[in-house]
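Student: Test case, fold it:
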Amino acid sequence: TRTCPIPEIGVDLSENNSQPDAYHIRGIDADRHEDTNQVEPSFVPTLVATLAPSQNSVRNQMAVATPLRETPLTLKDRRVQLALFAIAVVILSLSFGLGLSLNNRAPTPNILIATPSGPPSFPPSNETNTTSDIPTTQPTYFPSASPTYLPSGHPTYLPSAYPTYLPSGIPSKVMILSFSTAMEIFVPISGEESLKNETSPQYLAMDWIVNHDGANMTLKEEDKIIQRYALAVFYFSTQGKNWNNQCNFLSEKDVCDWNEFTNSAIDDSVQFSGITRCDEAKNVENINLVNENLTGTIPSELGMLTKLTDLRLHSNNLFGTVPVILSNISSLGKVELMRNDLTGDMEAFCTNGIEYIWLSADCYDVGITARIECSCCDRCTPWFL
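Tutor: Got it, this is the predicted structure:
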């Protein structure tokens, strides 16, 4: 009797078998290791009765066992396969197109385009997204982000052009008061000749402002410099060191503080001497230096005090003429110059159209020629009294 291998057995029990007297069995002979396709009909009933007691169980085993042939695909199955393939192609196409669309829709920063300082670097590097610690000298062709593009472009361009230009130019050159800049201011007032004479009151006043004045004036205060200069010239012109009271003249204080309370040499009363009043803008309005031993001439620079309203210089040792420029001060309403050694005339005060509250000088004529001619003076005192 031949032995049949039990694993992998296929029995064809179909009714359409072309050989009804034989059963098709596929297996491997365990002894001979050969494919066995058919066996004798007398052996099949015993094998079938042992392994497959019923036709249904044999068919179930045939479903698990390796089929003898592949079932041919129907037309309907092929259509299903083609439909699935088409759907797969559509899905792949849509996925590819969506990926390209997302790459092309990268946000474009809303930036101001500035002119680059040099040719851009091209092509851009895509190897890393980290920021370099060393800044590039030229802007990249494609900025990595808008916040880093703007600060390195437009905002840093303007400050490096304009704000740093003016401070390094004008202030360091023009605002410092020196002899040359002081000459430019004072020559139109006093003349070049007097400013070059090192013994003149004008030169002494300029030298004090430039080299010794503790106020450290700058050219942005030109009006205050001129006012300070005019009073300094007056101080040197009238022998200020010999005054009865210095009244803080030539101190580092503001000129409106050049004053002090003094005892009158006439009646021992207390009087307020020096610069006794200024307006809100620190412009000198009143000068009261009565009986202070002023010795010298009245300088024309005093006419630069254009806000002056009250000038009281009587009972001193002033000589020379009264500067005509004082008559041009429209705000000046009180002038007291009597009991001095002044000469000449003050007719310019009578023809300037200004109504003085009082105007006094040594103009009284009692048979002796008056030292001052002033037809409009309302207080004339004999020069010898």
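Student: longest strand anywhere in the chain?
Tutor: strand 270-278 (DSSP state E).
Student: Pull out the buried residues from that strand.
Tutor: Across strand 270-278, burial judged by 16 or more other CB atoms under 10 Å covers 271, 273, 274, 275, 276, 278. Quick note: C-beta positions are derived from backbone N, CA and C, even for glycine.
Student: okay, the closest residue to the last one other than its chain neighbours: pLDDT?
Tutor: Looking back up the chat, that one is residue 278. Excluding its sequence neighbours, the residue lying closest to residue 278 (CB to CB, 6 or more residues apart in numbering) is residue 256, at 3.9 Å. Looking at residue 256, its pLDDT stands at 96.
Student: Can you give me the neighbour number for residue 256?
Tutor: Per other CB atoms under 10 Å, the neighbour tally for residue 256 reads 17.
Student: before we move on, what about the one 3 residues further on?
Tutor: Residue 259 is flanked by 23 other residues according to other CB under 10 Å.
Student: Ramachandran angles for the closest residue to residue 196 other than its chain neighbours?
Tutor: In space, and not counting its chain neighbours, residue 196 is closest to residue 203: 7.0 Å by CB to CB, 6+ apart. Backbone torsions of residue 203, given as degrees, to the nearest 10, read phi -70, psi -40.
Student: and residue 203, what is it in contact with?
Tutor: Counting by CB atoms under 8 Å, 6 or more residues apart in numbering, residue 203 makes contact with 194, 195, 196, 197.
Student: Distance check, it against residue 352.
Tutor: Residue 203 is 31 Å from residue 352, where distance means CB to CB, to the nearest Å.
Student: Flag the shaky bits of the stretch 251-385 of the chain, pLDDT-wise.
Tutor: Residues of the stretch 251-385 of the chain meeting the criterion pLDDT under 70: 264-268, 365-369, 382-385.
Student: what ranges do the helices span in the protein?
Tutor: 44-51, 55-64, 75-104, 146-152, 154-157, 165-174, 179-190, 192-196, 201-207, 222-237 (DSSP state H).
Student: Would you check that residue 272 makes contact with residue 259?
Tutor: Yes: the pair formed by residue 272 and residue 259 meets the contact definition of CB atoms under 8 Å, at 6.4 Å.
Student: Show the average pLDDT along stretch 229-249.
Tutor: Stretch 229-249 comes out at a mean pLDDT of 96.
Student: Could I get the buried residue list for it?
Tutor: 229-238, 240, 243-249.
Student: Also stretch 291-299?
Tutor: 291, 292, 294, 295, 296, 297, 298, 299.
Student: For the first one, give its distance to residue 269.
Tutor: Think residue 291. Where residue 269 is concerned, residue 291 sits at a distance of 11 Å (CB to CB).
Student: if we can go back for a sec, would you write a ChimeraX line that selects the buried entries of the contacts of residue 203?
Tutor: Selecting the buried subset of the contacts of residue 203 in ChimeraX, with 16+ other CB under 10 Å as the burial test, is done by:
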select :194,195
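Student: Tabulate the contacts of residue 203 (TSV), appending pLDDT.
Tutor: Below are these laid out as TSV (pLDDT from 0 to 100):
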residue	pLDDT
194	95
195	96
196	95
197	96
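Student: between the contacts of residue 203, which is nearest residue 324?
Tutor: Nearest to residue 324 among the contacts of residue 203, counting by CB to CB, is residue 194 at 17.4 Å.
Student: Nearest spatial neighbour of the closest one, chain-adjacent residues omitted?
Tutor: residue 202 (4.3 Å).
Student: With residue 191 instead?
Tutor: residue 202 (7.9 Å).
Student: contacting residues around residue 288?
Tutor: Going by CB under 8 Å, 6+ apart, residue 288 touches 271, 272, 273, 274, 276, 310, 312.
Student: at 6 Å instead, please
Tutor: Applying CB atoms under 6 Å, 6 or more residues apart in numbering, we find residue 288 in contact with 273, 276, 312.
Student: In CSV: those residues, plus distance to residue 346.
Tutor: Listed next are the contacts of residue 288 as CSV, based on distance: CB to CB, whole Å:
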residue, distance to residue 346
273, 24
276, 23
312, 16
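Student: just curious, which of those is nearest to residue 83?
Tutor: Once CB to CB is applied, the member of these that ends up nearest residue 83 is residue 276, at 113.5 Å.
Student: Check the contact between residue 243 and residue 292; I expect there is one.
Tutor: Yes: between residue 243 and residue 292 a contact is recorded at 5.0 Å, counting by CB atoms under 6 Å.
Student: does residue 304 really touch residue 231, like I thought?
Tutor: No: using CB under 6 Å, residue 304 is not in contact with residue 231; the gap is 9.4 Å.
Student: related to what we said a few turns ago, helices and strands around the longest strand of the chain, which ones?
Tutor: The contact analysis (3 or more CB pairs under 6 Å, 6 or more residues apart in numbering; DSSP states H and E) places strand 270-278 against strand 259-263, strand 284-288.
Student: Quick check: closest non-adjacent residue to residue 228.
Tutor: residue 255 (5.8 Å).
Student: again but with residue 246, I slipped
Tutor: Nearest non-adjacent residue to residue 246, counting by CB to CB, 6+ apart: residue 240, 7.1 Å away.
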